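J.: Next input, structure requested:
(chains A and B)
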Amino acid sequence: MISSWIWSHLPGPAIVKLLILLIVLAALVLVLFEWVFPWVSESLPIQDPTIAEET
Amino acid sequence: MSVPTDLKPAEHPPSHARTRTGVSVVGILGELLIAAGVLLGLFVVWQLFYTDVQGEREQAEIVDNLEWAEDPVAPADVETTDVQLIPDDLKVTDEDPETSPTPDFTETFATMMVPRWGDDYVKPVSEGVTRPDVLDPLGIGHYPETAMPGEAGNFALAAHRTTYGKPFNQVDILEVGDKLIVQTEDIWAVYSVTSWEIVQPEEYDVVAPTPREPEAGVTDRFITLTTCHPLYSAAERWIVYGEMDYWAPVGHGVPAELVEVPA
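T.: Residues are numbered from 1 along each chain as shown, chains lettered A, B, ... in the order given. From the prediction side, this is the model:
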């Protein structure tokens, strides 16, 4: 199991493990919101409000 | 027939081991699927909520940072404060404003106020209509090559109807005669909504100098808004057409239309 493998490989007591996990998750969400999702959204043509000549 | 009990201990360990590996493969697959589900859920949260929060905050900041941008005036302010209205003799209907230099790509050169969308509605208008540079971060975009505010031709704008601060979210409640008020560093320009329609994304002639009549050339002073249709989709475009009432230099009060409550 991935989750139990990660849990057993994190250092320190349970409370430290939990803190590390929360920090990593927050960093992950930040990266997704600021860089990954904007990039994905721009490559999806489902949001374009402009008119353009057929290319 | 009774089950030979002596076989049971021998059979049990392999069958147990098989089950364990089976569980862990399915388990890892399950964990990956859960992760993918969470990722997709996060994307939806980001697209539908976070881009609005971010967009509204950033677009309000852009307007705040424009030194020349006037604050919107609520109809109620007229009674309590001394709001000056543009006198009639300054209103121009048949001449172009003095040509200001063409704005650079992504430059915010105007603000737009729409009383129908609330007396606090004011959004920045920037040059260009590409998503990553203008529409996502800056709000309303101006089709390059189309007229500038007050100029003869078609002042054509695009903006999101959902997400990224959704400047044109309420495009469907506009009525004929509703005012679209644009302010630049030099002028106020007041336009009235004349009609709207839903078109295919490639019908480019809606932003022609004379909307829908690309052969006609420049005939009058128009405004065109383009945005997504239906909501949360981009299969079609909702187009609003308008004509200019007048333009007037800034510094002599605000257009009376700004403080009129839309009927």
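
J.: all contacts plus neighbour counts: C-alpha atoms, from now on.
T.: OK.

J.: all helices of chain A, in order?
T.: Listed in chain order, the helices of chain A (DSSP state H) span A:2-9, A:14-31, A:37-43.

J.: If you average pLDDT per helix and strand, which one of chain B comes out bottom?
T.: helix B:77-80 (a mean of 73; mean pLDDT, DSSP states H and E).

J.: Skip ahead from that helix and say which helix or strand is next.
T.: Following helix B:77-80 in sequence order, the next helix or strand is strand B:108-113 (DSSP states H and E).

J.: what helices or strands is that next one leaning on?
T.: With contacts defined as 3 or more C-alpha pairs under 8 Å, 6 or more residues apart in numbering or on different chains; DSSP states H and E, the packing partners of strand B:108-113 are strand B:122-127, strand B:179-184.

J.: quick one: strands adjacent to the first one?
T.: Each strand that strand B:122-127 pairs with, and the sense of that pairing, follows from DSSP bridges: strand B:108-113 (antiparallel), strand B:140-142 (parallel).

J.: any chance of those in CSV, with mean neighbour count too?
T.: Converted to CSV, the strands paired with strand B:122-127 look like this (neighbours: other C-alpha atoms under 10 Å in any protein chain shown):
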stretch, mean neighbour count
strand B:108-113, 23
strand B:140-142, 30
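
J.: would you list those strands in TSV and tack on mean pLDDT and distance to A:Ile46?
T.: Shown next, in TSV, are those (pLDDT from 0 to 100; distance: least, C-alpha to C-alpha, whole Å):
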stretch	mean pLDDT	distance to A:Ile46
strand B:108-113	96	25
strand B:140-142	96	18
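
J.: Compare the helices and strands packed on strand B:108-113 and give me the one nearest A:Trp5.
T.: Closest of the helices and strands packed on strand B:108-113 to A:Trp5 is strand B:122-127, at 50.4 Å (criterion: C-alpha to C-alpha).

J.: Which neighbouring elements make contact with the following helix or strand past that closest one?
T.: Beyond strand B:122-127 in the direction of the C-terminus, DSSP H and E gives the next helix or strand as helix B:136-138. Helix B:136-138 sits against helix B:51-65, strand B:122-127, with contacts defined as 3+ C-alpha pairs under 8 Å, 6+ apart.

J.: Just say which of these is most tucked in.
T.: Among these, the stretch with the highest mean neighbour count (mean count of other C-alpha atoms under 10 Å in any protein chain shown) is strand B:122-127, at a mean of 26.

J.: What parts of chain A come near chain B?
T.: A:1-3, A:33, A:37, A:41-42, A:45-54 (C-alpha under 8 Å from any C-alpha of the partner chain).

J.: need the contact list for B:Thr106.
T.: By C-alpha atoms under 8 Å, 6 or more residues apart in numbering or on different chains, the residues touching B:Thr106 are B:Ser126, B:Glu127, B:Gly128, B:Asp133, B:Val134.

J.: Show the contacting residues for the residue lying closest to it once chain neighbours are set aside.
T.: Spatial nearest neighbour of B:Thr106, chain neighbours left out: B:Glu127 (4.8 Å); criterion: C-alpha to C-alpha, 6 or more residues apart in numbering or on different chains. Taking C-alpha under 8 Å, 6+ apart, we find B:Glu127 in contact with B:Pro103, B:Asp104, B:Phe105, B:Thr106, B:Glu107, B:Thr108, B:Phe109, B:Val134, B:Gly141, B:His142, B:Tyr143, B:Pro144.

J.: Now do whichever residue of chain A sits closest to chain B: how many residues are near it, please.
T.: Closest residue of chain A to chain B, C-alpha to the nearest C-alpha: A:Pro49 (4.3 Å). The number of residues packed near A:Pro49 is 30, by other C-alpha atoms under 10 Å in any protein chain shown.

J.: Show the model's pLDDT score for it.
T.: On pLDDT, A:Pro49 comes in at 79.

J.: can you check the one 5 residues further on too?
T.: At A:Glu54 the predicted local distance difference test score is 52.

J.: What of B:Asp88?
T.: 91.

J.: That one: how many residues sit nearby?
T.: Number of residues near B:Asp88 (other C-alpha under 10 Å) recorded here: 10.

J.: what residue ranges in chain A score low on pLDDT?
T.: Chain A contains residues with pLDDT under 70 at A:53-55.

J.: what about residue 42, neighbour count?
T.: Using chain A. Applying other C-alpha under 10 Å, we find 15 other residues in the vicinity of A:Glu42.

J.: ah, I was thinking of chain B
T.: Neighbour tally, B:Leu42, other C-alpha under 10 Å: 16.

J.: how about the strands in the stretch 101-250 of chain B?
T.: Secondary structure of the stretch 101-250 of chain B (DSSP state E, counting those that start in this stretch): strands at B:108-113, B:122-127, B:140-142, B:153-158, B:179-184, B:187-199, B:221-229, B:236-249.

J.: JSON lines for those, including distance to B:Tyr50?
T.: Formatted as JSON lines, those follow (distance: least, C-alpha to C-alpha, whole Å):
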{"stretch": "strand B:108-113", "distance to B:Tyr50": "23"}
{"stretch": "strand B:122-127", "distance to B:Tyr50": "18"}
{"stretch": "strand B:140-142", "distance to B:Tyr50": "18"}
{"stretch": "strand B:153-158", "distance to B:Tyr50": "21"}
{"stretch": "strand B:179-184", "distance to B:Tyr50": "28"}
{"stretch": "strand B:187-199", "distance to B:Tyr50": "28"}
{"stretch": "strand B:221-229", "distance to B:Tyr50": "19"}
{"stretch": "strand B:236-249", "distance to B:Tyr50": "24"}
